[in-house]
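S.K.: Generate coordinates for the sequence data below:
(one chain, ligands or ions: 1)
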Amino acid sequence: MKTALVCGAGGFVGHHLVNRLKEEGMWVCGADIKRPEFSASRADEFRLVDLRDPAAAYACLDREFDEVYQLAADMGGAGYVFSGENCAEVMHNSALININVLDACRKARVGRVFFSSSACVYPLFNQQDPDNPTCAEATVYPALPDSEYGWEKLFAERLYLTYARNHGMTCRIARYHNIFGPDGTWQGGREKAPAALCRKVAMAPDGGEIEIWGDGEQTRSFLHIDECIEATLRLMRSDCREPLNIGSEEMISINGLAREIALIAGKDISLRHVPGPLGVRGRTSDNRLIRATLGWAPSARLHDGLVKTYRWIAGQVAATEAAGER
Ligand code: NAD
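M.R.: Reported below is the predicted structural model:
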């Protein structure tokens, strides 16, 4: 039986990945500092560990794994990453996790290692036009990420690439672009735009108003979690040594995203623009390289993923409100 370790298995992507690996019949170990929030992990074994501690990382690799997925990171949406208040923690925590997990994989002679980098590595100067951002893989240098989170991801990419070169390891690197879907953080400050907007719309009355950070004209693209997992597995099991974008090319403004969610909810909602942390003016995935290399492209439209996500978050909001009234 093939075996996998998923670091960050208590988080959004890691939890979905564990489910998918179990469906494939693998033996799966999950590792995280916390358990998944919304449903129990299907991992055969779940280790509650702090991967900033080298001893904990080495202990997780105490058996042979065919595949290790390194998704653990100190991470959140714009409110967490772009506020400027968490930068030291983000860099310190995520760098330690990456250094520890990767070296433990080297020592344990793991077959394949996957690392989840981010679209946040791309330079600020290529993402100032909301209608025309440039995020092709080769444009990452000269580097100027717009956040310390992005700088740490870039450092970690180089770490994985260097270990592959110097230690003969097989490492695969994805640059995820805004992954969303059910079972993800939807409140508390670390949630990302689709979840935050679904929550705001779900909580607003018909004819009500929701807040949007900035003018809402900044553009992004969003990839549903099921598509992300499919692309992740294809990349992991490919012979592609370079980082690849995993995202959608269906670009939409934040105002457009909010209106789409309101439509799905069947509510008439107006938008009130307020100051808030924003990020770059425009960003979308460039999928030319992944299409050519892996033959992968998203199979569904943004709308389809938003319908599933809105339903799930509206259910969470209703359950939370009902619990509050009891
Ligand atoms: P997440 O925050 O839901 O999951 C990350 C997990 O890492 C969490 O469960 C957290 O508890 C765990 N973790 C943090 N510190 C730890 C520690 N010291 N020891 C052990 N575990 C620790 O994030 P996610 O959305 O599932 O993202 C997964 C990965 O993909 C992350 O590396 C993230 O940076 C990257 N990524 C995600 C997106 C996205 O849109 N979700 C976009 C780009 C990149």
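S.K.: What lies in contact with stretch 101-116?
M.R.: With contacts defined as CB atoms under 8 Å, 6 or more residues apart in numbering, stretch 101-116 is touched by 5, 7-8, 13, 51, 54, 57-58, 60-62, 64-73, 98, 156-157, 159-160, 163, 167, 169-174, 176, 232, 235-237. Every C-beta, even on glycine, is put in place using the N, C-alpha and C of the backbone.
S.K.: what about 6 Å?
M.R.: Contact with stretch 101-116 is made by 7, 51, 57-58, 61, 65-71, 160, 163, 167, 170-174, 176, 236, as judged by CB atoms under 6 Å, 6 or more residues apart in numbering.
S.K.: What of stretch 162-176?
M.R.: The contact list for stretch 162-176 (CB under 6 Å, 6+ apart) reads 102, 106, 112-119, 157, 160, 235-236, 243-246.
S.K.: if we can go back for a sec, inside helices: which ones of the contacts of stretch 101-116?
M.R.: 57-58, 160, 163, 167, 236 (DSSP state H).
S.K.: can you name the two of those that are farthest apart?
M.R.: Tyr58 and Met236 (22.4 Å; CB to CB).
S.K.: of the two, who's got more company?
M.R.: Met236 (20 against 15; other CB atoms under 10 Å).
S.K.: separation between that one and the ligand?
M.R.: 14 Å (CB to the nearest ligand atom, to the nearest Å).
S.K.: Now stretch 285-293: buried residues?
M.R.: For stretch 285-293, burial by neighbour count (16 or more other CB atoms under 10 Å) applies to 285-287, 289-290, 293.
S.K.: CA-only coordinates of it in PDB, if you can.
M.R.: Taking C-alpha atoms only, stretch 285-293 is exported to PDB below (Å, rounded to 0.1, in the frame of the first residue of the first chain):
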ATOM      1  CA  SER A 285      -3.300  32.700 -12.900                       C
ATOM      2  CA  ASP A 286      -1.500  32.200 -16.100                       C
ATOM      3  CA  ASN A 287      -2.100  28.500 -17.000                       C
ATOM      4  CA  ARG A 288      -0.200  28.200 -20.300                       C
ATOM      5  CA  LEU A 289       2.700  26.300 -18.700                       C
ATOM      6  CA  ILE A 290       0.500  23.900 -16.700                       C
ATOM      7  CA  ARG A 291      -1.700  23.200 -19.700                       C
ATOM      8  CA  ALA A 292       1.300  22.400 -21.800                       C
ATOM      9  CA  THR A 293       3.100  20.400 -19.100                       C
END
